[in-house]
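Student: Kindly return the folded structure for what I paste below:
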Amino acid sequence: MFRTKTVRSQFTESEAAQELGVSVDEFRALIRAHATVREEDLGNLPVATYHPSDLLLLRLLSAGAKIPPA
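Tutor: Numbers count the residues shown, from 1 in each chain. Just a heads-up that it's a prediction; the model follows:
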């Protein structure tokens with residue numbers, strides 16, 4: 001019998017960071033580098049939810065790149 005992983009439709013900031021295998025600070029640095037345009041957008045990060053496609057895009061954008069410390 002095969003085990004299947006439950007597919008989630010949304011992730012919190014901390015869950016998204018865990019899925020990517022990075023700390024919350026590293027996750028925020030990824031968002032800062034690739035997804036935010038305005039400084040005021042950064043204040044909404046902890047309340048934002050992320051979809052699996054968001055995580056895939058962030059994973060692809062960060063592949064092989066070092067995340068600068070926050």
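
Student: what sits against the nearest residue to His34 once chain neighbours are set aside?
Tutor: Closest residue to His34 apart from its sequence neighbours, by CB to CB, 6 or more residues apart in numbering: Leu61 at 4.9 Å. Backbone N, C-alpha and C define where each C-beta goes, glycine included. By CB atoms under 8 Å, 6 or more residues apart in numbering, the contact set of Leu61 is 30, 33-34.

Student: just Val7 next, same as before
Tutor: When contacts are counted by CB under 8 Å, 6+ apart, Val7 touches Pro52.

Student: Quick check: which element contains it?
Tutor: Counting by DSSP states H and E, no helix or strand carries Val7.

Student: now do Leu57
Tutor: helix 52-62.

Student: Just the buried residues of that helix, please?
Tutor: The neighbour-count check on helix 52-62 (16 or more other CB atoms under 10 Å) flags 54-55, 58, 62 as buried.

Student: what ranges do the helices span in the chain?
Tutor: In the chain, the helices defined using DSSP state H lie at 13-20, 24-34, 52-62.

Student: mind checking how far Ala48 is from Ser23?
Tutor: Going from Ala48 to Ser23 by CB to CB, to the nearest Å gives 17 Å.

Student: now Ser62
Tutor: Distance, Ser62 to Ser23, by CB to CB: 13 Å.

Student: Report the distance from stretch 27-46 to the chain centre.
Tutor: 10 Å (CA atoms, centre = their mean, to the nearest Å).

Student: Just the mean pLDDT for that stretch, thanks.
Tutor: The average pLDDT within stretch 27-46 is 76.

Student: Give me the most central residue, the chain.
Tutor: Geometric centre of the chain, nearest residue: Ala16, 4.7 Å, by CA atoms, centre = their mean.
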